[in-house]
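Participant: could you look at this predicted model? Sequence included:
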Amino acid sequence: QQQVKQSPQSLIVQKGGISIINCAYENTAFDYFPWYQQFPGKGPALLIAIRPDVSEKKEGRFTISFNKSAKQFSLHIMDSQPGDSATYFCAASAPGNTPLVFGKGTRLSVIA
Amino acid sequence: DGGITQSPKYLFRKEGQNVTLSCEQNLNHDAMYWYRQDPGQGLRLIYYSQIVNDFQKGDIAEGYSVSREKKESFPLTVTSAQKNPTAFYLCASSRRDTYEQYFGPGTRLTVT
């Protein structure tokens, strides 16, 4: 049973546009929701994370929106650039430093 | 420089041979994790350890073994019992009191 569902699998966005990736979770005990960025052949890097006590968190061009009642959260990349082309993973974890549960990833391509 | 190192970057083995992947961290993190990544499958948890001399199975532990004799080291052995061992293996670590998990650069294992 997949605990974190991520969509879309792949995304093509024009340079300067907004990239939006969505995730939905099932476990209401989850209380930490990070996003990771991974370039080919590299390990994932922590991009931004949110806790359920806030509905939005912004860091530069990256914003997480969180909807606790719908059990959904999303990553918005504003002014998308070709250098943002990578695979993005959402994840979630429950209290007690339990391991992260990952979505299956979204491959983003930003074209000029 | 603090970080997580995985060696080697590429590893080739013949079917039927056991192989050990190295993971070392100098971040003084308590918890360490091993993930397997296959195309389109996201990151799947193999084993994790929250303290020295203790570890737990993840979702896909069959055919793998680990040890945690030192805080900074968490080697993964891929045994001959693992039916499809060719994959990209990622090690990660985190502090006990935070959720933030950091990844190493990965080891790509090819078994023929």
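Facilitator: Alright, I've got the coordinates. Numbers count the residues shown, from 1 in each chain, chains lettered A, B, ... in the order given.

Participant: contact partners for the residue nearest to residue A:112 when sequence neighbours are not counted?
Facilitator: Leaving aside its chain neighbours, residue A:112 sits nearest to residue A:15 (4.8 Å; criterion: C-beta to C-beta, 6 or more residues apart in numbering or on different chains). The way it works is simple: take the backbone N, C-alpha and C, and place the C-beta from them, glycine included. Counting by C-beta atoms under 8 Å, 6 or more residues apart in numbering or on different chains, residue A:15 makes contact with A:80, A:81, A:82, A:110, A:111, A:112.

Participant: count the residues that sit near the fifth one.
Facilitator: What it means is residue A:111. Using other C-beta atoms under 10 Å in any protein chain shown, residue A:111 is surrounded by 11 other residues.

Participant: from residue A:77, how far off is it?
Facilitator: Residue A:111 is 14 Å from residue A:77, where distance means C-beta to C-beta, to the nearest Å.

Participant: anything in contact with each of those two?
Facilitator: With C-beta under 8 Å, 6+ apart as the test, residue A:111 and residue A:77 both reach residue A:13.

Participant: does residue A:87 touch residue A:35 like I think?
Facilitator: No. If you go by C-beta atoms under 8 Å, residue A:87 and residue A:35 don't touch, sitting 11.2 Å apart.

Participant: those two: which has the busier surroundings?
Facilitator: Set residue A:87 next to residue A:35 and count neighbours by other C-beta under 10 Å: residue A:35 wins out with 23 against 19.

Participant: which residues are contacting the strand or helix carrying the more buried one?
Facilitator: Using DSSP states H and E, residue A:35 maps to strand A:33-38. The contact list for strand A:33-38, computed with C-beta under 8 Å, 6+ apart, reads A:21, A:23, A:25, A:44-52, A:62, A:64, A:66, A:73, A:75, A:86-92, A:100, A:102, A:105, B:99-101, B:103.
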